[in-house]
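Peer 1: model the following, please.
(chains A, B, C and D)
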Number of protein chains: 2
Amino acid sequence: MPPTSETLTAERILEATEEVLRRHGPAKATVVDVARALGVSHGSVYRHFRTKAALREAVTKRWLDRTSGQLSGIVAADRVPEDRLRDWLAALFAAKRRKAGEDPELFATYMVLTDENGTAVGEHVTDLETQLTRIIEAGVETGDFAATDPEASARAVFQATGRFHDPCYAREWEEPGTEADFAAVVDLLVQGLRRAP
Amino acid sequence: MPPTSETLTAERILEATEEVLRRHGPAKATVVDVARALGVSHGSVYRHFRTKAALREAVTKRWLDRTSGQLSGIVAADRVPEDRLRDWLAALFAAKRRKAGEDPELFATYMVLTDENGTAVGEHVTDLETQLTRIIEAGVETGDFAATDPEASARAVFQATGRFHDPCYAREWEEPGTEADFAAVVDLLVQGLRRAP
DNA sequence: CGACTGACAGATATTGAAATCTGTCAGCTG
DNA sequence: CAGCTGACAGATTTCAATATCTGTCAGTCG
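Peer 2: Have a look, this model is predicted:
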């Protein structure tokens, strides 16, 4: 990381912090390291983030927001609500599994970050549940789904599929049979949402 | 723990080990402590359990088996399958939540034990899924449920309710709204299992 | 004047030497 | 002789001294 002479901005600090976290891991990533990566003194970093915790929180938010951004496209897709729901759940699972499998150390890093940062995770979950609510509302609209309270149903669907998106299950995602398990849970949930014909 | 002069048996060692774990926690519970609690030398303990890991595994199995034993009564209960399923899931949730809430430190201790002992946990899960399979089979028998593969459905139901029995969610079990969340998930799953009328 | 530096105090993490623990086994004891 | 003991070697953990880090702020620089 050469000391680029652009002005020091929150964005640049966040990028450098991600890089430091990737290299050093969550335990050994210090704000001195971040400052060094940027070619500034650590005092300058504190000008943009009040504490180290705030810096880590901002990094966490960024990471979480990238994931929910990827999914938001599916909510608006031009498909039957049931398929949109299946696509969305499959995309969520695929995204998490890819991240966990591709760079396990970085994923572990973010697990530590999300653990120490309940608020950001809570907002992320709310965000995802809102996306799910939109899809279920669409299904109620078309008469495909029978939910009386789409928000509650969305929450239930999200919680019931936790096994396939909650990081605490990451190590089990590569075991054989996981695909079938996922399909079985999704089928059961979709069946539960459907309106009796 | 006075040095009772009964013969040293695996069972007595397991009881003493539970006590030591309760007092000292998983990190500081040594087999020397267990031996001291029994008034014997630690060499005697190794006569019954080849390693410390084996001793911890045995304690874990005992604990897990106590839980599944409590639930097995519901499987055989004289009720409509759907109610039996609801009762069983509610009982599982209640049992776990009671254990977690009542003595959080001991619960944390067992979380460490189960973590280091994948095999015992795997067997426990298989046991519980088998109980669920029996209930769903009964429902298929009576025509209440439409499952073509009761074992797969049981697995799906178990995984979908993980939020309400997996220890990794224990801290969220006391939050307001948890009851409603549980009810919503169970309703959705039961609805999914029902045969279309 | 506003962005940045670097020295500083208190908090936290690292390190390596000393203490404890695990697992074994030759020998003691009833 | 079956069951137990306690000393032992190597592995692991503890603890206190040492080093590093966090967060502040008076002062520098352009």
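
Peer 1: and for residue A:62, nearest residue in space, chain neighbours not counted?
Peer 2: Of all residues not flanking residue A:62 in the chain, residue A:14 sits nearest, at 6.0 Å (C-beta to C-beta, 6 or more residues apart in numbering or on different chains). Quick note: C-beta positions are derived from backbone N, CA and C, even for glycine.

Peer 1: show me which positions of stretch A:171-184 end up buried.
Peer 2: Within stretch A:171-184, the residues that qualify as buried are A:173, A:178, A:181, A:182, A:184, counting by 16 or more other C-beta atoms under 10 Å in any protein chain shown.

Peer 1: mean confidence score for that stretch?
Peer 2: With pLDDT averaged residue by residue, stretch A:171-184 scores 97.

Peer 1: what's the distance between the residue of chain A found nearest DNA strand C and residue B:146?
Peer 2: Residue of chain A nearest DNA strand C, by C-beta to the nearest atom of the strand: residue A:43 (2.3 Å). Going from residue A:43 to residue B:146 by C-beta to C-beta, to the nearest Å gives 66 Å.

Peer 1: thinking again about what came up before, before we move on, what SS does the residue nearest to residue A:62 have?
Peer 2: helix (DSSP: H, G, I helix; E, B strand; the rest coil).

Peer 1: can you list the low-confidence ranges for chain A?
Peer 2: By pLDDT under 70, the weakly predicted segments of chain A are A:1-5, A:197.

Peer 1: show me the helices in it, by range?
Peer 2: If DSSP state H is used as the criterion, the helices of chain A fall at A:10-24, A:31-38, A:42-48, A:52-75, A:81-102, A:104-115, A:118-142, A:150-160, A:178-193.

Peer 1: closest one to residue B:64 among these?
Peer 2: Between residue B:64 and the helices of chain A, the shortest gap by C-beta to C-beta is with helix A:178-193, which sits at 21.3 Å.

Peer 1: contacting residues for the closest residue to chain B within chain A?
Peer 2: As assessed by C-beta to the nearest C-beta, chain B sits closest to residue A:192 within chain A, at 3.3 Å. Residue A:192 sits next to B:187, B:188, B:189, B:190, B:191, B:192, B:193 when contact means C-beta atoms under 8 Å, 6 or more residues apart in numbering or on different chains.

Peer 1: which one of the residues you listed is nearest residue B:47?
Peer 2: For these, the minimum distance to residue B:47 (C-beta to C-beta) is 48.4 Å, reached by residue B:189.

Peer 1: wait, isn't the closest one in contact with residue A:157?
Peer 2: No: between residue B:189 and residue A:157 there is no contact under C-beta atoms under 8 Å: 10.7 Å.

Peer 1: now for those two: what residues contact both?
Peer 2: Residues within reach of residue B:189 and of residue A:157 at once, by C-beta under 8 Å, 6+ apart, are residue A:189.

Peer 1: ok, these two, which is more surrounded?
Peer 2: residue A:157 (28 against 25; other C-beta atoms under 10 Å in any protein chain shown).

Peer 1: ok, that one to residue A:132 distance?
Peer 2: 6 Å.

Peer 1: cool, residue A:89 as well?
Peer 2: Distance of residue A:89 to residue A:132, given as C-beta to C-beta: 9 Å.

Peer 1: return every residue with contacts to both of these two.
Peer 2: Contact criterion C-beta under 8 Å, 6+ apart; residues shared by residue A:89 and residue A:132: residue A:157.

Peer 1: re earlier: JSON lines for the buried residues of stretch A:171-184, including distance to residue B:85?
Peer 2: Listed next are those as JSON lines, based on distance: C-beta to C-beta, whole Å:
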{"residue": "A:173", "distance to residue B:85": "27"}
{"residue": "A:178", "distance to residue B:85": "24"}
{"residue": "A:181", "distance to residue B:85": "19"}
{"residue": "A:182", "distance to residue B:85": "22"}
{"residue": "A:184", "distance to residue B:85": "16"}
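
Peer 1: which of those sits closest to residue B:111?
Peer 2: Residue B:111 has its nearest neighbour among those in residue A:173, at 20.7 Å by C-beta to C-beta.

Peer 1: and the contacts of stretch A:12-28?
Peer 2: A:1, A:4, A:6, A:29, A:33-34, A:37-38, A:45, A:48-49, A:55-56, A:58-59, A:62-63, A:105-106, A:108-109, A:112-113.

Peer 1: hmm, that stretch in reach of DNA strand C?
Peer 2: Yes: interface with DNA strand C: stretch A:12-28 contributes A:27, A:28 (C-beta under 7 Å from any atom of the strand).

Peer 1: what comes up buried for stretch A:65-82?
Peer 2: Neighbour-count burial for stretch A:65-82 flags A:67, A:68, A:71, A:74, A:75, A:81, A:82 (criterion: 16+ other C-beta under 10 Å).

Peer 1: can you add distance to residue A:125 and give these back as a markdown table?
Peer 2: Below are the buried residues of stretch A:65-82 laid out as a markdown table (distance: C-beta to C-beta, whole Å):
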| residue | distance to residue A:125 |
| --- | --- |
| A:67 | 11 |
| A:68 | 10 |
| A:71 | 13 |
| A:74 | 17 |
| A:75 | 16 |
| A:81 | 22 |
| A:82 | 23 |
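
Peer 1: quick one, what contacts the residue nearest to residue A:151 when sequence neighbours are not counted?
Peer 2: Once flanking residues are discounted, residue A:151 sits nearest to residue A:133: 5.0 Å by C-beta to C-beta, 6+ apart. Counting by C-beta under 8 Å, 6+ apart, residue A:133 makes contact with A:150, A:151, A:154.

Peer 1: ok, residue A:8 next?
Peer 2: A:38, A:40, A:44, A:47, A:48 are the contacts of residue A:8 under C-beta under 8 Å, 6+ apart.

Peer 1: how about the residues of chain A by DNA strand C?
Peer 2: Selection of chain A residues close to DNA strand C by C-beta under 7 Å from any atom of the strand yields A:7, A:8, A:27, A:28, A:40, A:41, A:42, A:43, A:44, A:47.

Peer 1: so which of those residues reach DNA strand D?
Peer 2: When contact is defined as C-beta under 7 Å from any atom of the strand, the residues of chain A next to DNA strand C meet DNA strand D at A:42, A:43.
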